[in-house]
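**Q** Give me a 3D structure for the following:
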Amino acid sequence: MAMSAGGAEGEPMMEINTTPLIDVMLVLLIMFIVTLPVATHAVKLDMPRPNANPPPPEEIQQPIKLDIDFDGTIIWNDSVVQMSQLESYFQNEASKKPQPELHVRPDRRANYDTVAKVLAIAQRNGMQRIGFVGNEQFME
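**A** Numbers count the residues shown, from 1 in each chain. From the prediction side, this is the model:
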C-alpha cells in the first residue's frame, strides 16, 4: 500500500482515509460477537428411573478347560477322560444356565482328526460357547 505525501503545493489529497471505516467495522464486529446468544446444544435423554430395581448380577461360570495332547489324550479340567465319556460331560454342561465357556487347547502336535471329533461332539450336544486358547504356540 503506497502512501502519498501530497503533490504540488495546495493540491487537495484525492485518496480516502480508510482508518475511520476500519475502526467502525471493528466496533460493529465486537458488538455482534457480544450480542450473539451462546449456542447451547440440548440433547434430550430418557434416563432410567432411580427407583427401578437393578438387574441381578450374572453368575460367573468357570470355563471348562479341555486340553488335547499329541497322543490323543483328552484332559477335562485337569482329569483325563475318554472320548466316549465326553458326550455325557457336554450334555451336563450344556444344560446349565448360563452355559459355561469351553476353552479348547490342542497341542500343536495333536492329530487334527481328534480335535475335529471333540468339537463335533461338543456342537452336537448343544455347547454354544466354544473358544480356542493357547494359539500363540502355532505362531512360531
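**Q** For the strand or helix carrying residue 118, buried residues please.
**A** Assigned by DSSP states H and E, residue 118 belongs to helix 112-124. Residues of helix 112-124 classed as buried by neighbour count (16 or more other Cβ atoms under 10 Å): 114-115, 117-119, 121-122. For glycine as for every other residue, the C-beta is placed from the backbone atoms N, C-alpha and C.
**Q** For residue 28, give me the pLDDT.
**A** Reported pLDDT at residue 28 in the predicted model: 94.
**Q** typo on my end, it should be residue 39
**A** At residue 39, the pLDDT value in this model is 66.
**Q** just to revisit the earlier point, for the helix holding residue 118, C-alpha coordinates in PDB please.
**A** What follows is helix 112-124, C-alpha atoms only, in PDB (Å, rounded to 0.1, in the frame of the first residue of the first chain):
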ATOM      1  CA  TYR A 112      -6.500 -82.900  13.600                       C
ATOM      2  CA  ASP A 113      -9.000 -85.800  13.500                       C
ATOM      3  CA  THR A 114      -9.100 -86.000  17.300                       C
ATOM      4  CA  VAL A 115      -9.700 -82.200  17.700                       C
ATOM      5  CA  ALA A 116     -12.400 -82.300  15.000                       C
ATOM      6  CA  LYS A 117     -14.200 -85.200  16.700                       C
ATOM      7  CA  VAL A 118     -14.100 -83.400  20.100                       C
ATOM      8  CA  LEU A 119     -15.500 -80.200  18.500                       C
ATOM      9  CA  ALA A 120     -18.200 -82.200  16.700                       C
ATOM     10  CA  ILE A 121     -19.300 -83.900  19.900                       C
ATOM     11  CA  ALA A 122     -19.400 -80.600  21.700                       C
ATOM     12  CA  GLN A 123     -21.500 -79.000  19.000                       C
ATOM     13  CA  ARG A 124     -23.800 -82.000  18.700                       C
END
